[in-house]
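>>> Compute the structure for the input listed below.
(chains A and B)
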Amino acid sequence: MPDEVRTMRGKWKSVLLWICISLVGAVSFAAVAIARGEAVNAVWLVAAAVCWYAAAYRFYARFIARKALALDDRRMTPSELHNDGKDFVPTHKGVLFGHHFAAIAGAGPLVGPILATQMGYLPGTLWIIVGAVFAGAVQDFVVLFASMRRDGKSLGEMIKDEMGRTAGLIAMIGIFGIMIILLAVLALIVVKALAGSPWGTFTIAATIPIALLMGIYMRYIRPGRVTEASVAGLMLLIAALVYGREIADNFLLAPLFTLSGTTIAYLLIGYAFAASVIPVWLLLAPRDYLSTFLKIGTIAALAVGILVVSPDLLMPGISTFANGTGPVFSGNIFPFLFITIACGSVSGFHALISSGTTPKMIERESHATPIGYGAMLTESFVALMALIAACILTPGVYFAINSPAAVIGTDVGQAAATISSWGYSVTPEQLTELSRDIGESSVLSRTGGAPTLAVGMAHVLSAAIGGKALMSFWYHFAILFEALFILTTVDAGTRVGRFMVQELLGTAAKRLGDTESFAGNAIGTAICVFAWGYFLVQGVIDPLGGVNSLWALFGIANQMLAGMALLFCTTILFKMGKKAYVWVTLLPAAWLLVVTMAAGFQKLFHAQPSIGFLAQARQYQAALDEGRIIGAAEDLGQMGQIVRSNYVNAAICGLFILAALTVLVSSARIWYGVLAGRTFELRESPGVRREPDPKGA
Amino acid sequence: MFGKIVGALKYRRQFLDLLAGVPHYETYVLHCRTRHPGEPILSRGEFVRQAQEARYNAKGGKVSRCC
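Numbering: from 1, shown residues only, chains lettered A, B, ... in the order given. As a prediction, the model looks like this:
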């Protein structure tokens, strides 16, 4: 058969396949969007998303790879040029995909969509899919490409090289700021999930001795056997989880593990300090391995569970709170939906990962498409599953778990009455029964997203295995899974923050910058822990539950970082002479800047105290002047603290806005220069041609 | 199809190691033997220890995991 005929036949098959995929996608989307008044099955949502992803990957990602970036497989990658068997290693694309996905998947995509569910499932779903396809995956892909062409340099270094020292420095400060807020908000989520839960607290506490044992095993008994130690650790963890129930029922031990939010917050701060100061092999690294395997396993189990159980979505497509009056977080769909769901649609943090270890191991340039673009689509899918887990709960139950105590009170009768008055009927008995099923004393105001996800996952997993009898086990399994990898991020992040602080201190006093010296180490760690600990404690006493202010701040910071990364991508496209294709990164950058500027200004200046930091500061100051105590504050001291933290939040928010504007100005100057016909040097590493492969691959 | 699965299984250890963020020791040994014959090769324990240090030291703003 002549080649031409064969390719023609292949082409027809492909065209037919893609017509089918488009049809399935369109039908699923119609089923999701048109349904009014009756519950939609979650599988429609999954099908619609998968078809979108497939089409985007096949057409848009390929377009970017071929036209905008012009990936060239004859050009040698850093892994081949600098192969050292360790950091720079040519790695099979499937293996590297796993490495990259495990690094980008975190708690962010699980929390944001759950908070956004208060507006109904449709706005969140649309932003998760469209955001990932046109912004998130594009950012990850182009940054990975840029770093791959620059010997695996980090985002900060690349911005400095391509856009000047000022932009580079500002980006570095921005990265540190987002790190601090991120650590605080993640720790807050753990606090909210563990407060008053002896079973959960015991299991999480048990991870510390388990990690220590693993560390000693990998160091002295069987040096370097990571997988082996992790399997043993996971088994111990399950044992601790099972035994946790006994602890919760034991009248002597239960009070030991039943802690208030503030206590857990201080314990976490102390723990993170210790974990970041002691050698990494002992605690930090083994915990990281444990959480990675648990994370990937659970995500896979949830995906299978949703397909097998195929639950109905009980949340309406668009809820009555789409207008921004909801109890979970304040503010309208525009701009707040787009910063509440950050990771899962587009996450600036991914730009740091994409310019980390992955570009040093990529084998061929063309692999950047499945790894950069593909891994982000997978993460977007994880976000969608989290959204599904929240939407399969009765809406009344969802609001009972996610509304702060200041809104619904602390008594099931009062809470059920308040929520029912919003039009989402729920009975006190339903709430009591649910808390009994999951083995907790109460489900009211367990804000922060983690408990909601855990209840949703417990519904799915217990429907698949074990029924109601195992529901409390699955709930605590899900809490363990989230808390474990959040805490791993907190330890590892504290350590990263410590090195950043020491780098800055090193410019002032050489001794403090010495990362080997104990004093420098302890001081750097203390500064970093104090910074995020401040926001954490503030969040715990916050009148609206902390998540309301901190998650917004985190979302703004993360999306701004994404905006900066996309501005950088646009700049290199201009410098590469790809004027015709700059819209690929320029449009998402513009959208993110508009969203974050709008959200930032509203968080600063909005007249409503639940939205604007300054308005809330004024409200509390006015009450304080009259000697009144309002909101969740317990005494005048806390009133003053709330006023101060609102001013701090406002300052941080203003700083983020300034940082983003500065990077915008420095990139716009380069763009203007290119359009005016000046040439700018592109700081890529020189391209080296590979000898033609004898196999012709 | 079967051949493909067997081929994929070959990578399972490397896959698990890299999932956890640890470079693969066997790849390193192979690299040393072919590229730098005669030079000393790190033991597995030492290799993993160095890799752990490098992963969490965050030099130059390196971040190994995400939110």
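
>>> List, one by one, the residues from the stretch 51-200 of chain A near chain B.
A:83-87, A:89, A:91-92, A:94-96, A:98-99, A:102-108, A:154-157, A:172, A:175, A:182, A:186 (Cβ under 8 Å from any Cβ of the partner chain). To be clear about C-beta, it is placed using only N, CA and C from the backbone, and glycine gets the same treatment.

>>> Output the longest helix belonging to chain A.
Longest helix in chain A, counting residues (DSSP state H): helix A:636-675.

>>> actually chain B, sorry about that
Max-length helix for chain B by DSSP H is helix B:44-56.

>>> and that helix, does that touch chain A?
Yes. Counting by Cβ under 8 Å from any Cβ, chain A has neighbours in helix B:44-56: B:44-49, B:51-56.

>>> In PDB, list the C-alpha atoms belonging to that helix.
Taking C-alpha atoms only, helix B:44-56 is exported to PDB below (Å, rounded to 0.1, in the frame of the first residue of the first chain):
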ATOM      1  CA  ARG B  44      22.900   3.600  47.700                       C
ATOM      2  CA  GLY B  45      22.600   5.000  51.100                       C
ATOM      3  CA  GLU B  46      25.000   7.900  50.400                       C
ATOM      4  CA  PHE B  47      23.400   8.600  47.100                       C
ATOM      5  CA  VAL B  48      19.900   8.800  48.600                       C
ATOM      6  CA  ARG B  49      21.200  10.900  51.500                       C
ATOM      7  CA  GLN B  50      22.800  13.500  49.100                       C
ATOM      8  CA  ALA B  51      19.600  13.500  47.000                       C
ATOM      9  CA  GLN B  52      17.500  14.200  50.100                       C
ATOM     10  CA  GLU B  53      19.700  17.100  51.100                       C
ATOM     11  CA  ALA B  54      19.600  18.600  47.700                       C
ATOM     12  CA  ARG B  55      15.800  18.300  47.400                       C
ATOM     13  CA  TYR B  56      15.000  20.200  50.600                       C
END
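
>>> Mind listing residues that contact that helix?
Residues from elsewhere that reach helix B:44-56 (Cβ atoms under 8 Å, 6 or more residues apart in numbering or on different chains): A:86-87, A:218-219, A:223-226, A:280-281, A:284-285, A:492, A:495-496, B:21-23, B:25, B:28, B:42, B:64.

>>> pLDDT score for the residue of chain B found nearest chain A?
Taking Cβ to the nearest Cβ as the measure, chain B has residue B:45 as its residue closest to chain A, at 2.5 Å. pLDDT, residue B:45: 93.

>>> That one: how many residues sit nearby?
The tally of other residues near residue B:45 (other Cβ atoms under 10 Å in any protein chain shown) stands at 17.

>>> Count the neighbours of residue A:195 for me.
With other Cβ under 10 Å as criterion, residue A:195 counts 21.

>>> I'd say it and residue A:264 touch.
Yes. Between residue A:195 and residue A:264 there is a contact at 6.0 Å, judged by Cβ atoms under 8 Å.

>>> now for the longest helix of chain A, which elements pack on it?
Contact partners of helix A:636-675 among helices and strands, from 3 or more Cβ pairs under 8 Å, 6 or more residues apart in numbering or on different chains; DSSP states H and E: helix A:155-163, helix A:165-194, helix A:518-541, helix A:547-575, helix A:583-605, helix A:613-625.

>>> Format the ones you listed as CSV; extra columns: distance to residue A:401.
CSV is the format used below for these (distance: least, Cβ to Cβ, whole Å):
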stretch, distance to residue A:401
helix A:155-163, 37
helix A:165-194, 10
helix A:518-541, 18
helix A:547-575, 12
helix A:583-605, 25
helix A:613-625, 24
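
>>> Of all those, which one comes closest to residue A:439?
For the helices and strands packed on helix A:636-675, the distance to residue A:439 is smallest for helix A:165-194, at 13.6 Å, taking Cβ to Cβ.

>>> That closest one relative to helix A:636-675, how many degrees between them?
Between helix A:165-194 and helix A:636-675, the angle comes out at 140 degrees (axes from the mean of the first three to the mean of the last three Cα atoms, to 10 degrees).

>>> hang on, the earlier thing: now do the buried residues in the longest helix of chain A.
A:638-639, A:641-643, A:645-646, A:649-650, A:652-653, A:656-657, A:659-660, A:662-664, A:666-667, A:670-671, A:674 (16 or more other Cβ atoms under 10 Å in any protein chain shown).

>>> For chain A, just list every one of the strands.
Along chain A, counting by DSSP state E, strands occupy A:40-41, A:312-313.

>>> Quick one, which of the ones you listed gets closest to chain B.
strand A:312-313 (26.2 Å).

>>> what lines up beside the closest one in the sheet?
strand A:40-41 (antiparallel) (DSSP bridges).

>>> which outside residues touch the least confident helix or strand in chain B by mean pLDDT?
Scoring the helices and strands of chain B by mean pLDDT, DSSP states H and E places helix B:2-9 at the bottom, with a mean of 84. With contacts defined as Cβ under 8 Å, 6+ apart, helix B:2-9 is touched by residue A:94.

>>> Quick check: next helix or strand after it?
As assigned by DSSP states H and E, the chain's next helix or strand after helix B:2-9 is helix B:12-19.

>>> between that following helix and helix B:2-9, how big is the angle?
Using the same axes, to 10 degrees, one finds that helix B:12-19 and helix B:2-9 are set 40 degrees apart in direction.

>>> Can I get helix B:12-19 in PDB, CA atoms only?
Only the C-alpha atoms of helix B:12-19 are listed here, as PDB (Å, rounded to 0.1, in the frame of the first residue of the first chain):
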ATOM      1  CA  ARG B  12       8.200   0.600  37.700                       C
ATOM      2  CA  ARG B  13      11.000   1.100  40.300                       C
ATOM      3  CA  GLN B  14      12.300   4.300  38.600                       C
ATOM      4  CA  PHE B  15       8.700   5.400  38.400                       C
ATOM      5  CA  LEU B  16       8.100   4.900  42.200                       C
ATOM      6  CA  ASP B  17      11.400   6.600  43.100                       C
ATOM      7  CA  LEU B  18      10.800   9.600  41.000                       C
ATOM      8  CA  LEU B  19       7.200   9.900  42.200                       C
END
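
>>> count of neighbours near residue A:634?
Residues near residue A:634, counting by other Cβ under 10 Å: 10.

>>> Residue A:689 now?
For residue A:689, the tally of surrounding residues (other Cβ under 10 Å) stands at 9.

>>> Show residues contacting stretch A:568-585.
Here stretch A:568-585 makes contact (Cβ under 8 Å, 6+ apart) with A:64, A:67-68, A:138-139, A:142-143, A:146, A:155, A:158-159, A:162-163, A:566, A:586, A:589, A:663, A:667, A:670-671, A:674-675, A:680-682.

>>> if we go to 7 Å?
A:64, A:67-68, A:138-139, A:142-143, A:146, A:158-159, A:162-163, A:566, A:586, A:589, A:667, A:670-671, A:674, A:680, A:682 (Cβ atoms under 7 Å, 6 or more residues apart in numbering or on different chains).

>>> Return the members of the contacts of helix B:44-56 classed as buried.
With burial judged by 16+ other Cβ under 10 Å, the buried subset of these is A:86-87, A:218-219, A:224-226, A:280-281, A:284-285, A:492, A:495-496, B:21-23, B:25, B:28, B:42, B:64.

>>> any low-confidence regions in chain B?
B:58-62, B:67 (pLDDT under 70).

>>> In chain A, which residue sits nearest chain B?
Going by Cβ to the nearest Cβ, chain B is nearest to residue A:223 of chain A, at 2.5 Å.
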